[in-house]
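Asker: Predicted model and sequence below, questions to follow.
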Amino acid sequence: MFATLVRLVTRKKTEASSPQSHEIEGDSPPIRARFDAAQDTAEFKNYWASADTLDANSSASKGVRQKLVARSRYEVANNAYVDGMVQTHANYTVGVGPSLRMRTASKGFNALVETEWKKWAKAVKLRRKLWVMSHAKMSDGESFAVLKSNPGVKHVVKLDLAVIEAEQCSTPYLETGIEGYIDGVKFDDFGNPIWYDILPYHPGAAWHHAAWQAEQVPARFVLHWFAMRRGGQNRGIPELRSSLNCGASSRRWREATLAAAETAADISVLLKTQMTPDEGARATKPFTQIEFTKRMMTALPMGWDAGQMKAEHPNATYEAFHRAQVSEQGRPKNMPHNLAAGDSSDHNFASGKLDFTPYYMQLDVEREDGSDLVLDPLFEMWFEEASLRFGWVQIPGQVPAHIWDWPSHPVADEGAKAEANRTRMQTGQATLSTIYSEDGFDFADELPQMAEDYGVDEATMRKILLHTIFNDKGALASMAQAENAAANRQPQETASNVA
């Protein structure tokens, strides 16, 4: 029986491989699809010459990062638009700094922790350091902060963070081929950082010594903020890398335009003639310079005409080219043109709001990264020390529930925002706690202050806010009906449960 099965399978394979089996009338030739970008044509072979198949860490090697960082910093220092973009983005991302909001069941404990955190953050100038880290993340591609004890901190908790530049996280003389070890970072078998190699000083410092050894700082004491764009990426590269060359081309265009205008303005008068000396024109040496007095009247030599060079710059394409360059420079961060250029003169109100939507989404993503990579690890270390200092009870390895309230995105029409918030609350899409959190505040903290300002207790203040939100008769009537229906249902449910 087994031999019979083998013969049947062999015969089917032979029939399938036979060319006659495909010779069916009307069959079309096999389709051979391809991608244009995968072709090595003479037209595009030079364009794709620099494409590689390296992994994320090899592509962003130490040499590549050093060159990109140096050029990015040069562009920020010499291009007013890029300088403004980087500062503006840091302002929008960090602003006045995020606030801690505790989410435990004890309101008193929440208020106590938030108060002490706020005092400590003020003592170590946390907002200022977060702004520097956000600025470096965009300019250099990554930012680092090392956690250490600082006896100079004017707070019971002596934890502090020292912001360092990317070059200071480096491994001198790192041998190639060491698994799980890249420049500046050592990983375990699961890809988790074990330690960071931190140099005692910046390699570009005046007192830097080439023979210095890096300190292996445990990963829990290092905050590393960068945008992860590829799987396996562990070091950041400047976020404006794709548009760095735009700054150089913009400056060349500007200087060329200015030079052309100056050349046209420097030559006040040109003398020209179509006559030859034989026809009567007086001979003169080419490119002869003649000084003359302003507003004088003079007679030209016979056969000569006076004229000026026609200024061709700036031409009609200058403004369009300049706008395109600025827009391209800000595009890697989804920054709209009016924000990148600092000019909304050619934007209407609707387009200005629409253009900011992708940028605000970018900010939200970066803020979440900042919470995960910087604030949460920082709070974990802070709470551990604060628990020892203040005698708080802490479950080992656990951090109390908390969130971060970042500053709200600025809006141009406060009235429209307020009306939208009212609609969201009336329809149940948001609560007062949600609205306050979006604006960077904690409603539980603001309510007592609000009640004190109005001279009422908190319960009365809540009723005032309730009637302010649902101030139309229809909404109040619906709420009253819902309350009455709930009250009538309760005795019926109780009776049925008893029965």
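Answerer: That came through, no problem.

Asker: hey, where'd the strands end up in the stretch 1-150 of the chain?
Answerer: 99-102, 142-149 (DSSP state E, counting those that start in this stretch).

Asker: go on, the stretch 301-450 of the chain?
Answerer: With DSSP E, counting those that start in this stretch as the criterion, the stretch 301-450 of the chain has strands spanning 305-307, 402-405.

Asker: winner for burial among those?
Answerer: Comparing these by mean neighbour count (mean count of other Cβ atoms under 10 Å), strand 402-405 comes out on top with a mean of 18. (Glycine included, C-beta is placed from N, CA and C.)

Asker: before we move on, back to that, of the strands of the stretch 301-450 of the chain, which shows the lowest average pLDDT?
Answerer: Least confident of the strands of the stretch 301-450 of the chain, judged by mean pLDDT, is strand 305-307 with a mean of 72.

Asker: can you list the strands of the stretch 1-150 of the chain in JSON lines and add mean pLDDT, mean neighbour count and distance to residue 386?
Answerer: What follows is the strands of the stretch 1-150 of the chain, written out as JSON lines (pLDDT from 0 to 100; neighbours: other Cβ atoms under 10 Å; distance: least, Cβ to Cβ, whole Å):
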{"stretch": "strand 99-102", "mean pLDDT": "94", "mean neighbour count": "20", "distance to residue 386": "12"}
{"stretch": "strand 142-149", "mean pLDDT": "97", "mean neighbour count": "20", "distance to residue 386": "13"}
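
Asker: Compare those strands and give me the one nearest residue 207.
Answerer: strand 142-149 (18.7 Å; Cβ to Cβ).

Asker: Which residues does the closest one contact?
Answerer: 129, 132-134, 136-137, 158-166, 168-169, 196, 198, 217, 221-226, 235-237, 374, 378, 381 (Cβ atoms under 8 Å, 6 or more residues apart in numbering).

Asker: Give me the subset of those residues that lies in strands.
Answerer: 159-164, 196, 198, 217, 222-226 (DSSP state E).

Asker: Now list the buried members of the residues you listed.
Answerer: For those, a burial check counting by 16 or more other Cβ atoms under 10 Å picks out 159-161, 163-164, 196, 198, 217, 222-226.

Asker: Out of those residues, which is nearest to residue 389?
Answerer: Distances from residue 389 to those, taken by Cβ to Cβ, are shortest for residue 159, at 10.0 Å.

Asker: The closest one: what's it in contact with?
Answerer: So residue 159 contacts 120, 124, 147, 148, 149, 150, 153, 381, 382, 385 (Cβ under 8 Å, 6+ apart).

Asker: would you list the ones in strands among the contacts of strand 142-149 in TSV and tack on pLDDT and distance to residue 459?
Answerer: Output for these, formatted as TSV (pLDDT from 0 to 100; distance: Cβ to Cβ, whole Å):
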residue	pLDDT	distance to residue 459
159	97	39
160	97	42
161	96	42
162	96	47
163	97	46
164	96	51
196	97	52
198	95	54
217	96	52
222	97	48
223	97	43
224	97	47
225	97	43
226	96	48
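
Asker: quick one: which of these is nearest to residue 51?
Answerer: residue 226 (23.3 Å).
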